[in-house]
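Colleague: Sequence unavailable; structure follows:
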């Protein structure tokens, strides 16, 4: 790639980020000026957004656990096809771990 093309691309990105930053700053300033008049509504929207984030986090955790279990099933089936015995996914190896308390 030509060096001037790289410089042009970098300059274009720099201008894009600068303009985006200025516009974003103006939007935040405008919102901050109007926030005292809309405080209860803004708080309600913020609480609703956080509640939505909590629900989404729970859904992601549930989906990740389901994916982990399905992957464990596939690994167990693959081991079974090789004639190996696969441990159940709930088995936890507690021997030889590095902290000192009794189990």
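Modeller: On my side now, so go ahead. Keep in mind it's a predicted model, so treat the numbers as computed, not measured. Numbers count the residues shown, from 1 in each chain.
Colleague: Can you show me the helices along the protein?
Modeller: 3-34, 39-81 (DSSP state H).
Colleague: Confidence-wise, which of those helices is weakest overall?
Modeller: By mean pLDDT, the lowest-scoring of these turns out to be helix 3-34, with a mean of 75.
Colleague: How far away from the center of its chain is that one?
Modeller: Offset of helix 3-34 from its chain centre (Cα atoms, centre = their mean, to the nearest Å): 25 Å.
Colleague: That helix: which residues count as buried?
Modeller: When burial is assessed from 16 or more other Cβ atoms under 10 Å, helix 3-34 yields no buried residues. C-beta: built from backbone N, CA, C; applies to glycine.
Colleague: what angle do it and helix 39-81 make?
Modeller: Going by axes from the mean of the first three to the mean of the last three Cα atoms, to 10 degrees, helix 3-34 is angled at 130 degrees with respect to helix 39-81.
Colleague: will you turn the helices of the chain into JSON lines that also has distance to residue 87?
Modeller: Conversion of the helices of the chain to JSON lines gives the following (distance: least, Cβ to Cβ, whole Å):
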{"stretch": "helix 3-34", "distance to residue 87": "51"}
{"stretch": "helix 39-81", "distance to residue 87": "8"}
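Colleague: and residue 79, how many neighbours does it have?
Modeller: A count of nearby residues for residue 79, using other Cβ atoms under 10 Å, gives 13.
Colleague: excluding its backbone neighbours, what's nearest it?
Modeller: When the adjacent residues along the chain are set aside, residue 79 lies closest to residue 86, with 4.2 Å between them (Cβ to Cβ, 6 or more residues apart in numbering).
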